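**Q** Just need the structure, nothing else, for what follows:
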Amino acid sequence: MKPDPKKIQPEHKYKLDTPQRRKILPPYKTLKKSGLQKGDILADIGCGIGYFSIPAAKIVGKKGKIIAIDTSEEMLKDLRKKIKEKNIENIDIKKSLPYKFPISNQEISFTLISNVLHEIDNKPRFLKEIYRILKLDGTLCIIEFKKKDTGSNPPVKARLSLEQVKNYLKNSNFAFKRYISISNIFAMYLANKK
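**A** This next block holds a predicted model:
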């Protein structure tokens with residue numbers, strides 16, 4: 001089966017954390033811009049190797065918690081190793097199905113999906129599941145590639161525009177709050193559960 005060009009394959013996980021990526025998408029600084037706070041319960045959906053989960057654990061502190069979920073056991077294995085090496089105690093790792101998260105209804109105060117939404121085939125179904133796990137005043141933070149050619153994957157046609165993101169959010173009962181340009185390549189979209 002041919003790999004999906006929209007998705008990063010586990011054998012290319014090293015591309016998820018490089019000095020170049022940290023320059024254009026600094027994880028700690030980006031999370032602070034998103035409004036993540038001490039005490040939050042964050043679901044990092046499509047957490048990969050923990051690029052955001054690990055700095056998020058520091059931000060939310062001992063009273064907060066990170067639930068890091070991914071469909072790839074190989075990615076989660078890498079994250080488990082990092083957590084053990086860094087002695088991080090507030091990250092809970094869970095393997096997930098694409099449209100069914102192992103999280104209770106309204107358990108989460110903050111949900112992060114970084115460079116994941118463009119990969120999802122059934123975006124309304126995916127966002128409905130996020131809506132289910134978020135608390136009534138919960139925040140959804142979407143980080144995505146800007147819809148333009150940056151000389152790398154994913155292809156432009158797979159990327160999402162601001163209008164597309166707004167429409168998906170509106171149709172999933174989220175209230176769009178803010179757009180933040182992170183770099184020439186990435187953008188952040190913030191929304192709240194209605």
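
**Q** Can you show me the strands along the chain?
**A** Secondary structure of the chain, counting by DSSP state E: strands at 41-45, 65-70, 91-95, 108-114, 134-145, 174-181, 186-193.

**Q** most packed of those?
**A** Highest mean neighbour count of those: strand 41-45, a mean of 26 (counted as mean count of other Cβ atoms under 10 Å). The way it works is simple: take the backbone N, C-alpha and C, and place the C-beta from them, glycine included.

**Q** List the contacts of it.
**A** For strand 41-45, the external contacting residues (Cβ atoms under 8 Å, 6 or more residues apart in numbering) are 36, 50, 52-53, 56, 60, 64-69, 96, 101, 103, 107-114, 116, 130, 133.

**Q** could you check the angle strand 134-145 makes with that strand?
**A** Per axes from the mean of the first three to the mean of the last three Cα atoms, to 10 degrees, the angle that strand 41-45 makes with strand 134-145 is 40 degrees.

**Q** could you give me the average pLDDT of stretch 70-86?
**A** For stretch 70-86, the mean per-residue pLDDT is 94.

**Q** okay, stretch 84-104 in PDB with CA atoms only?
**A** What follows is stretch 84-104 as a C-alpha-only set of coordinates in PDB (Å, rounded to 0.1, in the frame of the first residue of the first chain):
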ATOM      1  CA  LYS A  84      11.300   7.900  31.400                       C
ATOM      2  CA  GLU A  85      14.700   9.600  30.600                       C
ATOM      3  CA  LYS A  86      13.300  13.000  31.700                       C
ATOM      4  CA  ASN A  87      11.500  11.600  34.700                       C
ATOM      5  CA  ILE A  88       8.200  13.300  33.800                       C
ATOM      6  CA  GLU A  89       5.200  12.200  35.900                       C
ATOM      7  CA  ASN A  90       2.200  14.100  34.500                       C
ATOM      8  CA  ILE A  91       2.000  12.600  31.000                       C
ATOM      9  CA  ASP A  92      -0.400   9.700  30.500                       C
ATOM     10  CA  ILE A  93       0.100   7.900  27.100                       C
ATOM     11  CA  LYS A  94      -2.700   6.200  25.400                       C
ATOM     12  CA  LYS A  95      -3.000   4.500  22.000                       C
ATOM     13  CA  SER A  96      -6.100   5.600  20.100                       C
ATOM     14  CA  LEU A  97      -8.300   4.800  17.200                       C
ATOM     15  CA  PRO A  98      -8.600   7.600  14.600                       C
ATOM     16  CA  TYR A  99     -12.100   8.700  15.700                       C
ATOM     17  CA  LYS A 100     -12.500   7.300  19.200                       C
ATOM     18  CA  PHE A 101     -10.300   8.600  21.900                       C
ATOM     19  CA  PRO A 102      -9.800   6.700  25.200                       C
ATOM     20  CA  ILE A 103     -10.900   9.800  27.200                       C
ATOM     21  CA  SER A 104     -14.100  10.400  29.200                       C
END
